[in-house]
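K.L.:
no FASTA, just this:
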Ligand code: ZN
Ligand code: ZN
Ligand code: FE
C-alpha cells in the first residue's frame, strides 16, 4: 500500500508521509483542497489489486509544512503487524513486460509490488526480503535501483529479480538438463503437446501437467495419481477458450480473471463434452487461467489450448515442494521436470470457487486467499482450533483476527497429518503464536481431536454443526442468535449419533437443536460413504420392512443381494450400524436407488453425479412428513413407485432436490414459529450444490429474512476451525 500512496501523493504534488500501522496505513498529506480530494478519490477508486480498504478515517490536522512526501519506517514495537498478503497472479504490466524487450523479457520470475509470490515464500516477519526465500538471491545493481526508488513499480517489491540475479528454471528430461530459458520452455511445451506428462514447480508446490484433450495422457495421469475418476482442473490459455466450452456469467468471468485466479466450477455447454476422460461424467468442469509467468510462457509455445494442471503428488498426499523428493517421485512420468531453484516456504494448492447465488463461494481456500485473516468482533488471542478431519485446515487466534491455514486435506493420510503438524509449527513461529487453549471437534476419533488431547493444554470440544454455523456468525460479526441450517455428510452429535441435517438456533456460546431428518441405521458406518448402496438398502428397509428386496427396481439387480440381506440382519442386530440423519447419506441413497452411483470413487461423487440430472424447468417435489423430525419414508416410497413406472431419471432427481429445498424451508418456518428470528445461516458441504442452494434461497424470498452464507471461508469442513475458535473465544467471556 505504501508505494502506491507515495506515488499518488507525488502525482498530486502533496507533501507529508505514510507508514504502516498494525491495522493499516497512516497517511499525512498537505496541499490544496482540490489535490487532496483528488488524492483521496484515487486511493479509494484505484487501489492496488490485492489490497483491501476495509475502512478509511479522515480528519483535519494542523499544517506542518513538510517539504517532501516520504515513506517512514513502520512503527511495530509490539510485533503487531501480522498481515501477510496472499500470492497474487501476474499483473498486466508485468505481463506486457514479459513479452516486451527489457531485462525481464521471457523471465519466468517477473513480479512487482502489484503481483507475485508472497505467502508461499515468507518465513518471518516483517515482510522483508531477508525474511523470504528470495534471501538467497542478491539483487543486481539494476534491480536494487528499482527496489530503492519509491517512484518505481518495484519499490520494495521483496521478490523482485531479473535474468541476471534471480532464480532460474531448468528442464530435467530423464538425466538431461536444459538451462536456456527459451529452449527449456519450448521443450516442456513440446513434450506436453506430444502427450507427455511433465512436472512444473509452481508457486505453492509441484504441479503435474498434460494436454487436457489427450485422453491417453489423462489416462496415464490417472494411473500415476491413483485417481480413477475424480475430475481434474483444467488451465485454459485464455478466457475466450473457456467461453467456447461454457456459457459463463459475468460473475464467473470476474472470478476467473481476479488476482486470486482460483479454479472456478463451471457448467459445460454440452453434456457430451470434449473432455470426457477428465470430467468423468460430470457436466461441470474446474477451469482456471494462467497465473504465473511460466504458465504464460508455456502457452506461447503450446499447440493445445488447455492443459490439466493438478497438484503434484501420488494419490491424496500433500502437494510436493521438495526438489529432491520431486525428482524421485516424478521419475516415472513420461515427460521431464520443470524445476527451479527458488525454495517454497509454504505449500499451497490452487483454490476452488463456485458461483452460487451470484457470489463466489469458496470450496477450497488456499492460493490467493490464505493467509488473509478473518476479522472478528471479539478477542481470540492464543486459541488454537484444530478443525475437522476430511477438509482440514486449522485456525489460530491473533488479537481480533482469526488466521486460517491453507487447505490441508484428509488427516487420515499419514503424510497429510504430518503436513498438519509441520504447518502448525510454521504458523506458530511466523505469528509468534503460543496457544493457551486448544479447541477441537466432539468426534472422539478425529485425528484433530487426538492432536488436541495430546497437546497437554486445556481443551474445548465443539459440536460439528454448531461450528459450521458459528463460522458464519463470526465472519458476519453477528451478535444475536441465528437460525442455522447445516447439511453435510457427517458430524458427531451430542447424542453420539451421526448428524448432518441440523436446524440449530445458535450463537457463539450455545445452540439448541430444533429439528433434523429422521435417523436411519447406516450398516458399515464409514464404509457407506464409499459404498453408497448401503445407505439405499437401509432407506429401503426402513420404508418397506421385510419386503424391501421384492421391489421391481434396477437397483436390486445391480447390487449383491445376499450381501445386502446380511446388512439388514446387521441393522436388526444393531451390529456396526450407527444411527445417522445426515443429508449426505440421503443423497447417497438416492444416487444408488436411481442407479446413478452405487459405489463412490471419490468424496461426494454421488451427490455430484446427481447434479448432472437436474432440470430447472421441473417444479414437482415429493411428500414428506414431520416438523421436529422429518421423515423421508414417503419420499422413498414415492420415488420407488416412480422408478418402477420408469419415470425419467432427471425428473426423479430434480424432484428429490426440490424436496430437500422444501424440507429446509419447512425446518426454517417451524423454527421461526417459536423463535421469531430474522437471520438464517445456510452452511455445510451440501450447500456447495448450486441448484439446491439457489432453490432454497428462492423459497426463502417469500419471507422477510436475512439469508447468510459463508463468503470468506468454505461452507464445507474448511470452515470448522473458524467456528471452533469463535465458540471457544466466546465461551470464555460468557
Ligand atoms: Zn506485476
Ligand atoms: Zn536483477
Ligand atoms: Fe461438516
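P.N.:
Sure thing, it's come through. It should be emphasised that the depicted structure is a prediction, and the values quoted were computed from it without experimental measurement. Ligands and ions are numbered 1, 2, ... in the order given.
K.L.:
show me which helix or strand of the protein is least confident by mean pLDDT.
P.N.:
Among the helices and strands of the chain, helix 276-279 carries the lowest confidence by mean pLDDT, DSSP states H and E, at a mean of 79.
K.L.:
can you list the buried residues in that helix?
P.N.:
277-279 (16 or more other CB atoms under 10 Å). C-beta here means a position set from N, CA and C on the backbone, and glycine is covered the same way.
K.L.:
over to stretch 445-458?
P.N.:
446-449, 451-452.
K.L.:
also stretch 430-440?
P.N.:
In terms of neighbour count (16+ other CB under 10 Å), stretch 430-440 has its buried residues at 430-431, 433, 435, 437-440.
K.L.:
distance between it and the chain's centre?
P.N.:
Centroid separation between stretch 430-440 and its chain, computed with CA atoms, centre = their mean, to the nearest Å, is 23 Å.
K.L.:
tell me which residues are up against it.
P.N.:
79, 82, 84, 122-125, 382-387, 396, 398, 403, 427-428, 446, 448-449, 451-453, 455, 457-462, 724-725, 727-728, 732 (CB atoms under 8 Å, 6 or more residues apart in numbering).
K.L.:
of the residues you listed, buried ones?
P.N.:
82, 84, 122, 125, 382-387, 396, 398, 403, 427, 446, 448-449, 451-452, 460-462, 724-725, 727-728.
K.L.:
in strands, which of those appear?
P.N.:
Among the buried ones among the contacts of stretch 430-440, the residues falling in strands (DSSP state E) are 383-385, 396, 398, 403, 460-462.
K.L.:
can you tell me which helix in this structure is longest?
P.N.:
Using DSSP state H to assign secondary structure, the helix with the most residues in the chain is helix 649-674.
K.L.:
pLDDT score for the closest residue to residue 625 other than its chain neighbours?
P.N.:
Nearest residue to residue 625 in three dimensions, chain neighbours excluded: residue 631, at 4.8 Å (CB to CB, 6 or more residues apart in numbering). Residue 631 carries a pLDDT score of 98 in this model.
K.L.:
what about residue 631, how many residues nearby?
P.N.:
14 (other CB atoms under 10 Å).
K.L.:
dihedrals phi and psi, it?
P.N.:
The phi/psi pair for residue 631 (degrees, to the nearest 10) reads phi -100, psi 130.
K.L.:
end to end, how far does stretch 56-64 reach?
P.N.:
Using CA to CA, to the nearest Å, the end-to-end distance of stretch 56-64 comes out at 22 Å.
K.L.:
contacts for that stretch, please.
P.N.:
Residues outside stretch 56-64 that contact it (CB under 8 Å, 6+ apart): 16, 28, 30, 40, 43-44.
K.L.:
which of these sit farthest apart?
P.N.:
Farthest pair in those (CB to CB) is 30 and 44. Separation: 19.4 Å.
K.L.:
coming back round to it: ok, then the element right after the least confident helix or strand of the chain?
P.N.:
Downstream of helix 276-279, the first helix or strand assigned by DSSP states H and E is strand 284-288.
K.L.:
packing partners of the helix or strand following that following strand?
P.N.:
Sequence order places helix 293-301 as the next helix or strand after strand 284-288, per DSSP H and E. Judged by 3 or more CB pairs under 8 Å, 6 or more residues apart in numbering; DSSP states H and E, the packing partners of helix 293-301 are helix 92-99, helix 181-193.
K.L.:
can you name the residues of this structure sitting close to ligand 3?
P.N.:
Residues of the chain found near ligand 3, taking CB under 5 Å from the ion as the criterion, are 488, 717.
K.L.:
which stretches of the chain have low pLDDT?
P.N.:
Across the chain, the ranges flagged by pLDDT under 70 are 74-82, 271-274, 732-734.
K.L.:
the residue nearest to residue 625 touches residue 637, doesn't it?
P.N.:
No. Taking contacts as CB atoms under 8 Å, residue 631 lies outside contact range of residue 637: 10.4 Å.
K.L.:
so how far is residue 232 from residue 215?
P.N.:
Shown here: residue 215 relative to residue 232, a distance of 12 Å by CB to CB, to the nearest Å.
K.L.:
higher neighbour count, those two?
P.N.:
Using other CB under 10 Å, the more surrounded residue of residue 215 and residue 232 is residue 232, with 23 against 14.
K.L.:
what's near enough to touch residue 565?
P.N.:
Contacts for residue 565 (CB under 8 Å, 6+ apart) come out as residue 549.
K.L.:
that one: what secondary structure?
P.N.:
helix (DSSP: H, G, I helix; E, B strand; the rest coil).
K.L.:
make 704 the first number, not 1, from now on.
P.N.:
Will do, 704 is the new start, and the previous item becomes residue 1268.
K.L.:
measure it to ligand 1 for me?
P.N.:
65 Å (CB to the ion, to the nearest Å).
K.L.:
repeat that for residue 832.
P.N.:
Look at residue 832 and ligand 1: by CB to the ion, they are 16 Å apart.
K.L.:
after the host helix or strand of residue 1208, which helix or strand is next?
P.N.:
Per DSSP H and E, residue 1208 falls inside strand 1201-1209. Downstream of strand 1201-1209, the next assigned helix or strand under DSSP H and E is strand 1214-1220.
K.L.:
partner strands of that following strand and their direction?
P.N.:
Using DSSP bridges, the strands paired with strand 1214-1220 are strand 1201-1209 (antiparallel), strand 1332-1333 (parallel).
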